[in-house]
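Participant: no sequence for this one, just the structure:
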């Protein structure tokens, strides 16, 4: 288990962290009950860091890898040596998946100012969260109007960069509303890395008796250049994407019984051009509609807590290159957790049906409290992933899918410890994963990438994390190591050969004076001997009064030249500055 918090200017005390509940819309548990590698990022921490995109937030987390393309308008997220298809994302209990392709997983229509917290649960997760949870789950919890407040900011910088956003909250009796808008654009640091992103998000809630209803809506529109996105043979790719979701949730507590449900609709569209200098050569359009819901019941007794639920989704795609397809996924969810003195145990299962295929995921875990806030744990799990429409059906001059692909399956085991004290936190874990039928794209005839079940993979990983709270300064250090033993070594692969095998992350932040705050992150990534790089991010802010500040920030401050894990040339030094007001 890794360090639980990425903290910038404030730190939760040990009692708050010890009792913090995660994943309220799924299996409610405290961080100590989870017996897993977990991180949690709060709204205050995001605000203090100054970053304004979800991928930038995740990039500064140990054990999480972000492969950016261009100026960051498109990025892939992975954990523990997996790829971008093996991560699940939830928004307030709603599954935010992309059955078309995992490349769109981070097209999340939520400005950073709307985020209450982000929970990251690493490792096997299918038994509690469903298909694709091989490497972990990211759960984004949004604001819903518990206060009367607002904010506004504007930023400009190198490469004709501009960002701006406004957000607000209103609380009235037993109801509330939150809303935000955001825009980011740049000409890009090299040819074909320009982009323009617009976002809108709102969420409201109302309490009634022992229950609460909430509804949210998010929308995002992006246009961006894609230098060598799907293939290095076509450097002038371009894409426009739109994402929309509506999510309704309802929770009700009746004595020892708790009922939770989500009903949601997602709509995505994208227009891809392989060579924007010759649009007639190859382009395609996709439209994806997804309707889903989940219902769960939780019952507390003298023998622990039992939960049982049902989940279903309808996925429909209309595509010029993939064709027209739809599929229905149905699942049954269940589990039980129990604490006996200094021991706790949990078991969960997820039975998944797609067409005539039934897949089973499960996990077993146990923990022992050596001291009240020092715990050892052991966890075992079986997880799986369903291939995407792109992996099944895509066909272009650069890529070719395979409709006969089999689902990926993996068995994992993890053991570690967590220790929380007032002025320090320390955690460490090791894990081992065996993967079967893993999907990757191999290079055929040196000109086309072909999807295939070609990989049987074994991963071994070690994670260590610590945080020190020294007066007005905080120091955190994360180290992550991954070793991957792969079959089919005679082929060239598109993704699994570009894993960050070692990552060092050092963060130092605090107050210089009553007016000045600083934050710095030193990030070293090692892929192989020919691809390793060190980047430094620094932010300095000056409080003008109780509600406003000016700031300057620099990414890659020493102008390191390197390629992202995606293989794309990364940006050099990028300096930005701006003004922010909170009211």
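Facilitator: Noted; the coordinates are in hand. Worth saying up front: this structure is predicted, and the values here are computed from it rather than measured. Residues are numbered from 1 along each chain as shown.
Participant: how far does the helix or strand encompassing residue 184 sit from the chain's center?
Facilitator: When elements are assigned from DSSP states H and E, residue 184 belongs to strand 175-186. Distance of strand 175-186 from its chain centroid, counting by CA atoms, centre = their mean, to the nearest Å, is 19 Å.
Participant: what lines up beside that strand in the sheet?
Facilitator: Sheet pairing for strand 175-186, assigned by DSSP bridges, gives strand 161-172 (antiparallel), strand 195-208 (antiparallel).
Participant: which of the residues in that strand are buried?
Facilitator: Of the residues in strand 175-186, those with enough neighbours to count as buried (16 or more other CB atoms under 10 Å) are 175, 176, 177, 178, 179, 180, 181, 182, 184, 185, 186. C-betas here are computed from N, CA, C, even on glycine.
Participant: circling back: out of the strands paired with strand 175-186, deepest packed?
Facilitator: Among the strands paired with strand 175-186, the stretch with the highest mean neighbour count (mean count of other CB atoms under 10 Å) is strand 195-208, at a mean of 19.
Participant: which is the next helix or strand following that one?
Facilitator: Assignment by DSSP H and E places the next element after strand 195-208 at strand 211-226.
Participant: which helices and strands sit right next to that next one?
Facilitator: In terms of contacts (3 or more CB pairs under 8 Å, 6 or more residues apart in numbering; DSSP states H and E), strand 211-226 is packed against strand 74-79, strand 195-208, strand 237-254.
Participant: could you report the distance from residue 185 to residue 216?
Facilitator: 25 Å (CB to CB, to the nearest Å).
Participant: so what's residue 377 up against?
Facilitator: The neighbours of residue 377, taking CB atoms under 8 Å, 6 or more residues apart in numbering as the test, are 1, 35, 36, 365, 366, 367, 368, 415, 416, 417, 418.
Participant: neighbours of the fourth one, how many?
Facilitator: Per other CB atoms under 10 Å, the neighbour tally for residue 365 reads 22.
Participant: same question for the third one.
Facilitator: The number of residues packed near residue 36 is 28, by other CB under 10 Å.
Participant: hang on, isn't it packed against residue 127?
Facilitator: No. Counting by CB atoms under 8 Å, no contact exists between residue 36 and residue 127, whose distance comes to 11.4 Å.
Participant: how about low-confidence regions in the stretch 151-300 of the chain?
Facilitator: Applying pLDDT under 70 to the stretch 151-300 of the chain flags the ranges 228-233.
Participant: the nearest residue to residue 514 once chain neighbours are set aside: neighbour count?
Facilitator: Closest residue in space to residue 514, ignoring its immediate chain neighbours: residue 543 at 7.6 Å, by CB to CB, 6 or more residues apart in numbering. The local packing count at residue 543 equals 16, with neighbours defined by other CB under 10 Å.
Participant: ok now the host helix or strand of residue 580, how far from the chain's centre?
Facilitator: Assignment of secondary structure by DSSP H and E places residue 580 within strand 574-582. Distance of strand 574-582 from the chain centroid (CA atoms, centre = their mean) equals 25 Å.
Participant: quick one: strands adjacent to that strand?
Facilitator: Next to strand 574-582 in the sheet, as set by DSSP bridges, lie strand 149-157 (antiparallel), strand 548-555 (antiparallel).
Participant: name the residues that touch the longest one?
Facilitator: What that stands for is strand 149-157. By CB under 8 Å, 6+ apart, the residues outside strand 149-157 that reach it are 52, 113, 161-169, 574-583.
Participant: shouldn't residue 177 be in contact with residue 204?
Facilitator: Yes. Checked against CB under 8 Å, the pair residue 177 and residue 204 is within contact range at 4.3 Å.
Participant: name the residues contacting each of these two.
Facilitator: By the contact definition CB under 8 Å, 6+ apart, residue 177 and residue 204 are jointly contacted by 144, 145.
Participant: what is the burial count for the residue nearest to residue 276 when sequence neighbours are not counted?
Facilitator: If the residues on either side of it in the chain are set aside, residue 276 comes closest to residue 238, at 4.1 Å by CB to CB, 6+ apart. Around residue 238 there are 21 other residues, counting by other CB under 10 Å.
Participant: and residue 238, how far is that from residue 288?
Facilitator: As it turns out, when the distance is counted by CB to CB, residue 238 lies 19 Å from residue 288.
Participant: circling back to that earlier point, for the buried residues of strand 175-186, work out which two are farthest apart.
Facilitator: Based on CB to CB, the longest span within the buried residues of strand 175-186 runs between 175 and 186 and measures 38.7 Å.
Participant: quote the end-to-end distance of stretch 523-533.
Facilitator: Across its full length, stretch 523-533 reaches 8 Å end to end, with CA to CA, to the nearest Å as the criterion.
Participant: quick one: average confidence on that stretch?
Facilitator: Averaging the model's pLDDT scores along stretch 523-533 yields 88.
Participant: contacts for that stretch?
Facilitator: The set of residues that contact stretch 523-533 without belonging to it, under CB under 8 Å, 6+ apart, is 59-60, 65, 498-505, 534-537, 560, 562-563, 565, 570.
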